[in-house]
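1. fold the following, please.
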Amino acid sequence: MTDHLIAPHGGALVNLIAAAGRQAELRDGSRGWPSWDLTPRQICDLELLLDGAFSPLTGFLRRADYERVCTEMKLASGALWPMPITLDVPKEFADKLQVGGMLALRDAEGVMLAALHVEDLWSPDREKEAQAVFATTNKEHPGVAHLLDRAHPVYLGGRVEGVQAPLHYDFQALRRTPAEVRAEFARRGWRTVVAFQTRNPLHRAHQELTLRAAKAVKANLLIHPVVGMTKPGDVDHYTRVRCYEALMSSYPPNSAMLSLLGLAMRMGGPREAVWHAIIRKNYGCTHFIVGRDHAGPGKDSSGKPFYGPYDAQQLLERHEKELGIAMVPFKQMLYVPKLDSYFPEDAVPAGEETIDISGTEQRRRLQLGIDLPPWFTFPAVERELRRSSPPRARQGFTVFFTGLSGSGKSTIANVLLVKLLELGGRAVTLLDGDMVRKHLSSELGFSKEHRDINIRRIGYVASEITKNGGIAICAPIAPYDRTRKDVRAMIEPSGGFILVHTATSIEVCEGRDRKGLYAKARAGLVKEFTGISDPYEAPADAELVIDTADITPAEAAQQILLYLESEGFIGGGGS
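-> Numbers count the residues shown, from 1 in each chain. Alright, predicted model coming up:
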């Protein structure tokens with residue numbers, strides 16, 4: 001039925017779900033195997049392995065495949081493949097495994113999804129991988145940050161046999177496998193199909209781009225957004241899918257189709273563009289749209305882009321013949337007010353003024369309740385965005401203090417609590433370090449591991465408060481930069497996160513020493529004490545830095561209130 005469609009990468013669409021009888025054998029056999037609970041990223045990768053989106057892969061990469069992918073963008077067989085698909089585990093877990101053994105792969109609830117034939121096990125050079133795949137080791141790149149700070153140090157490779165696909169309860173009718181998409185293309189009589197990859201809501205410029213691309217190659221259009229893992233801070237996929245659904249009727253009848261892709265993006269720019277093209281080829285698409293800075297993470301803190309605006313197009317062009325799927329390159333689309341039309345940036349009529357709204361400006365307008373202009377987006381899309389992104393004065397937020405013991409965190413937090421309660425309008429919760437230790441983390445000690453667990457617990461509770469429109473005030477020491485950043489990433493998708501560094505010197509803090517803790521630490525009676533026998537990593541990303549040496553707690557709290565008002569979190573009649 002689908003033989004007339006473009007062949008999958010490697011010639012055949014892989015399906016790793018085992019037959020029913022074999023599934024029963026795997027479940028029975030798994031009782032004696034070790035088990036690994038997959039991370040969210042690993043579940044995304046496994047799903048696309050199982051359903052053939054990652055054809056011709058039949059499992060997680062073995063070492064020979066991995067090394068050649070990193071250095072040459074090819075599998076050991078010579079087939080083009082640009083992105084390492086690896087199963088990373090802790091060393092202490094890997095030490096219990098044997099090459100030739102079996103491993104049960106489970107979801108967070110313990111449901112067995114697949115069995116891995118452990119054919120390879122090694123410790124990679126992850127810095128070398130970062131440089132090869134992402135062309136940088138800068139941890140401001142989200143793909144690099146995950147690889148170097150969050151990925152486990154041992155990789156397992158081998159063939160996978162699927163027991164069941166991961167379960168999804170959202171937008172089930174839109175979650176189609178490559179085989180299902182191909183069957184739908186055949187049912188509709190589509191042979192030439194151009195795919196559009198996106199991780200953002202679609203606005204008028206995107207619609208104009210997709211319409212022009214489909215017209216240029218006389219193709220039908222697959223809107224194929226990523227709903228797995230995207231860039232931290234992106235609009236959540238529930239909101240985005242509602243935006244896509246609201247927009248589909250604006251395309252000509254039987255010309256466009258929406259389907260969702262549960263991909264974990266790496267934000268890998270040029271290599272990722274090649275990867276995306278392979279995936280869309282496996283879904284039956286003959287063409288793939290590549291725009292400006294495709295799958296790029298933007299700029300680093302110095303303002304330098306990680307990738308050039310059209311690096312992805314250039315790499316894909318070099319491999320287009322080998323890929324077998326045609327690229328439809330597009331420049332950035334710009335709006336010309338006088339002509340009330342969009343043009344690619346290289347086709348704007350001479351002398352005409354152009355205007356645009358960046359992602360940052362869009363977020364600012366949503367946060368402050370400012371309308372998005374009709375030339376920029378569709379009313380239905382704006383309505384969906386506003387449902388999920390109310391103005392800041394109606395959002396929840398977290399004020400997260402960090403600083404040495406005795407720096408004034410708890411006192412300022414208590415003053416701030418009273419002031420916010422006085423304003424009214426939202427529930428306010430104080431998560432003080434000592435109180436959390438007593439009620440939430442009483443079993444924890446003060447090792448780095450336990451401190452991290454404690455701070456992440458605080459972050460989780462604060463994220464739930466924030467998500468539900470409340471205000472959380474957190475006042476732990478929180479000495480480690482990585483953990484604070486993880487808490488920020490937990491909270492920011494749900495609302496505001498304001499990091500306040502009480503940058504009071506250790507001399508002042510020790511002079512206060514109301515609990516006598518510094519004296520005990522100096523005497524060696526208190527181990528792992530921050531600032532004495534354990535390090536404090538001062539934040540470089542704090543929204544506010546307050547030295548309490550010569551100001552009162554009330555003055556410090558007032559600085560925070562003024563900041564909250566200036567940023568729209570309070571005041572303006574919406575709080």
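2. what's the end-to-end length of stretch 158-170?
-> 31 Å (Cα to Cα, to the nearest Å).
3. for stretch 331-351, same thing?
-> End to end - Cα to Cα - stretch 331-351 spans 18 Å.
4. what does it contact?
-> For stretch 331-351, contacts defined as Cβ atoms under 8 Å, 6 or more residues apart in numbering pick out 204-206, 208-209, 291-292, 309, 330, 352-356, 375-376. The C-beta positions use only the backbone N, C-alpha and C, and glycine is treated the same way.
5. helices of the stretch 451-575 of the chain, start to end?
-> With DSSP state H, counting those that start in this stretch, the ranges of helices along the stretch 451-575 of the chain come out as 481-491, 506-512, 517-522, 553-566.
6. please identify the most buried of these.
-> helix 481-491 (a mean of 20; mean count of other Cβ atoms under 10 Å).
7. just the CA trace of it, in PDB.
-> Taking Å, rounded to 0.1, in the frame of the first residue of the first chain, the C-alpha atoms of helix 481-491 are listed here in PDB:
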ATOM      1  CA  ASP A 481      25.700  26.400  41.500                       C
ATOM      2  CA  ARG A 482      24.600  23.300  39.500                       C
ATOM      3  CA  THR A 483      21.800  22.500  41.900                       C
ATOM      4  CA  ARG A 484      20.500  26.100  42.000                       C
ATOM      5  CA  LYS A 485      20.400  26.000  38.200                       C
ATOM      6  CA  ASP A 486      18.500  22.700  38.300                       C
ATOM      7  CA  VAL A 487      15.900  24.300  40.600                       C
ATOM      8  CA  ARG A 488      15.600  27.300  38.300                       C
ATOM      9  CA  ALA A 489      15.000  24.900  35.400                       C
ATOM     10  CA  MET A 490      12.300  23.200  37.500                       C
ATOM     11  CA  ILE A 491      10.400  26.400  38.300                       C
END
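8. residues in contact with that helix?
-> Contacts for helix 481-491 (Cβ under 8 Å, 6+ apart): 149, 232, 398, 400, 402, 451-452, 455-456, 458-460, 462-463, 466, 478, 497, 499, 537, 539-541.
9. same thing with stretch 415-427?
-> 396, 399, 428, 430, 465, 469-471, 473, 553-554, 556-557, 560-561, 570, 575.
10. same thing but 10 Å
-> 393-397, 399, 401, 408, 428-430, 432, 465, 468-473, 475, 500, 552-558, 560-561, 564-565, 569-571, 573-575 (Cβ atoms under 10 Å, 6 or more residues apart in numbering).
11. how about the helices of the stretch 451-575 of the chain in a markdown table, adding distance to Q367?
-> Formatted as a markdown table, those follow (distance: least, Cβ to Cβ, whole Å):
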| stretch | distance to Q367 |
| --- | --- |
| helix 481-491 | 15 |
| helix 506-512 | 36 |
| helix 517-522 | 40 |
| helix 553-566 | 12 |
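12. which of the ones you listed has the lowest average pLDDT?
-> Note on the helices of the stretch 451-575 of the chain: lowest mean pLDDT is at helix 517-522, with a mean of 81.
13. any chance you could list what contacts it?
-> 404-406, 506, 509-513, 525-534.
14. list buried residues within the residues you listed.
-> Buried members of those, counted by 16 or more other Cβ atoms under 10 Å: L404, S405, G406, I506, C509, E510, V526, F529, T530, G531, I532, D534.
15. just curious, which of the residues you listed is nearest to G369?
-> L404 (38.8 Å; Cβ to Cβ).
16. one step back: show me the contacts of helix 481-491 that map onto strands.
-> T398, F400, T402, F497, L499 (DSSP state E).
17. so where's the stretch 251-400 of the chain shaky on pLDDT?
-> Residue ranges of the stretch 251-400 of the chain with pLDDT under 70: none are present.
18. residues contacting L323?
-> Taking Cβ under 10 Å, 6+ apart, one finds H9, L80, V274, A277, I278, K281, F288, L316 in contact with L323.
19. returning to that earlier point: and the helices of the stretch 451-575 of the chain: which comes nearest G228?
-> Distance to G228, taken as Cβ to Cβ, is lowest for helix 481-491 among these, at 16.5 Å.
20. gap between that closest one and the chain center?
-> From the chain centre to the centre of helix 481-491 is a distance of 13 Å (Cα atoms, centre = their mean, to the nearest Å).
21. ok, now stretch 430-449?
-> Worked out by Cα atoms, centre = their mean, stretch 430-449 lies 28 Å from the chain centre.
22. and the end-to-end length of it?
-> End-to-end distance (Cα to Cα), stretch 430-449: 24 Å.
23. would you mark the buried spots in that stretch?
-> L430, L431, D432, G433, V436, S441, L444, F446.
24. JSON lines please, covering those and showing secondary structure.
-> JSON lines is the format used below for the buried residues of stretch 430-449 (DSSP: H, G, I helix; E, B strand; the rest coil):
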{"residue": "L430", "secondary structure": "strand"}
{"residue": "L431", "secondary structure": "strand"}
{"residue": "D432", "secondary structure": "strand"}
{"residue": "G433", "secondary structure": "helix"}
{"residue": "V436", "secondary structure": "helix"}
{"residue": "S441", "secondary structure": "coil"}
{"residue": "L444", "secondary structure": "coil"}
{"residue": "F446", "secondary structure": "coil"}
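25. contact partners for the closest residue to Y251 other than its chain neighbours?
-> What sits nearest to Y251 in space, not counting adjacent residues and going by Cβ to Cβ, 6 or more residues apart in numbering, is L221, at 6.9 Å. For L221, the contact set (Cβ under 10 Å, 6+ apart) comprises 190, 193-196, 210-211, 213-215, 251-252, 255-258, 285, 287, 289.
26. would you turn the buried ones among the contacts of helix 517-522 into CSV with distance to M265?
-> Supplementary listing: the buried ones among the contacts of helix 517-522 in CSV, determined by distance: Cβ to Cβ, whole Å:
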residue, distance to M265
L404, 38
S405, 40
G406, 44
I506, 42
C509, 43
E510, 47
V526, 45
F529, 41
T530, 36
G531, 39
I532, 43
D534, 36
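27. D120: which of the residues you listed is nearest?
-> Using Cβ to Cβ, the shortest approach to D120 within the buried ones among the contacts of helix 517-522 belongs to D534, at 38.7 Å.
28. which one is the closest one nearest to, not counting chain neighbours?
-> E528 is the one closest to D534 (Cβ to Cβ, 6+ apart), at 4.5 Å.
29. do the same with G470
-> A427 (4.2 Å).
30. can you count the residues close to that neighbour?
-> 13 (other Cβ atoms under 10 Å).
31. go on, R199?
-> Neighbours of R199 (other Cβ under 10 Å): 20.
32. how near is it to P349?
-> Noted for R199: a distance of 31 Å to P349, by Cβ to Cβ, to the nearest Å.
33. list the contacts of T210.
-> Counting by Cβ under 10 Å, 6+ apart, T210 has contacts 194-196, 198, 202, 221-223, 251, 255-256, 289, 328, 330.
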